[in-house]
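Novice: Dropping a prediction and its sequence here:
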Amino acid sequence: MLQFFRASAQDSEQTNNERNQKVSVSFIVPSHDEAKLRALAKRDQFDLPPAKPFTPLREEADTYPDPGFAPLVIIVGAVVVGYVAKISFGLWGEYQYGGLIIDATRSPVEIREHRALSRGHILVIKPDGSSENFQPNDETELERILKKVLTLKP
């Protein structure tokens with residue numbers, strides 16, 4: 001932040017007595033806006049002195065946040081947003097996608113998704129009408145279950 005002091009201006013419609021009076025104004029702007037402020041001042045015939053770093057009044061200093069704290073807030077905010085998004089997508093996946101029903105009573109074997117089953121569960125309906133429930137832990141176990149079911153004859 002930069003602070004400018006002693007900006008003065010004179011209005012051509014003022015009386016002679018008023019023309020000699022100067023108005024002092026302080027501008028506190030971000031440092032990246034200094035060029036814009038100087039261009040406006042030049043256009044409107046204001047005299048801006050050199051800028052100096054902004055320092056708050058002693059009695060107000062504790063109300064200003066520490067500028068080094070802002071990156072920490074941004075980082076923590078990004079992590080929290082990522083975590084909330086991950087949890088939200090996980091819950092949406094649990095809601096949207098259910099378990100599988102493999103119906104071996106039909107020819108060809110019918111495999112369909114069903115929301116009533118928890119995600120990752122497989123309900124196998126055997127050709128004789130009995131059922132068996134599986135919850136494979138990995139892909140090889142799933143492959144073994146599918147091979148076993150697909151070899152069953154209706």
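Specialist: Received it, and whenever you're ready, just let me know what you need.
Novice: where along the protein do the strands fall?
Specialist: Secondary structure of the chain (DSSP state E): strands at 2-4, 27-29, 52-53, 99-103, 110-114, 122-125, 131-134.
Novice: what sits up against the fifth one?
Specialist: Think strand 110-114. With contact meaning Cβ atoms under 8 Å, 6 or more residues apart in numbering, strand 110-114 is reached by Tyr97, Gly98, Gly99, Leu100, Ile101, Ile102, Asp103, Leu123. Bear in mind the C-beta positions are built from the backbone N, C-alpha and C, glycine included.
Novice: May I see the strands of the chain organised as TSV, with distance to Gly77 added?
Specialist: What follows is the strands of the chain, written out as TSV (distance: least, Cβ to Cβ, whole Å):
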stretch	distance to Gly77
strand 2-4	27
strand 27-29	26
strand 52-53	28
strand 99-103	36
strand 110-114	36
strand 122-125	40
strand 131-134	42
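Novice: Show me the one of those that comes nearest Ala39.
Specialist: strand 27-29 (12.3 Å; Cβ to Cβ).
Novice: just how off-centre is the longest helix belonging to the chain within its chain?
Specialist: Counting by DSSP state H, the longest helix found in the chain is helix 69-96. Centroid separation for helix 69-96 versus its chain: 7 Å, with Cα atoms, centre = their mean, to the nearest Å.
Novice: same deal with stretch 27-42?
Specialist: 31 Å.
Novice: buried set for that stretch?
Specialist: Residues of stretch 27-42 classed as buried by neighbour count (16 or more other Cβ atoms under 10 Å): Phe27, Leu37, Ala41.
Novice: Not including adjacent chain positions, what is the nearest residue to the second one?
Specialist: Which is Leu37. Using Cβ to Cβ, 6 or more residues apart in numbering and skipping residues adjacent in sequence, the residue nearest Leu37 is Val29, 5.5 Å away.
Novice: And the pLDDT at that neighbour?
Specialist: Looking at Val29, its pLDDT reads 78.
Novice: That one pairs with what?
Specialist: Leu2 (DSSP bridges).
Novice: isn't it right next to Leu40, touching?
Specialist: No: if you go by Cβ atoms under 8 Å, Val29 and Leu40 don't touch, sitting 10.5 Å apart.
Novice: coming back round to it: can you say which two of the contacts of strand 110-114 are spatially most distant?
Specialist: Using Cβ to Cβ, these span at most 18.5 Å, a distance reached by Tyr97 and Asp103.
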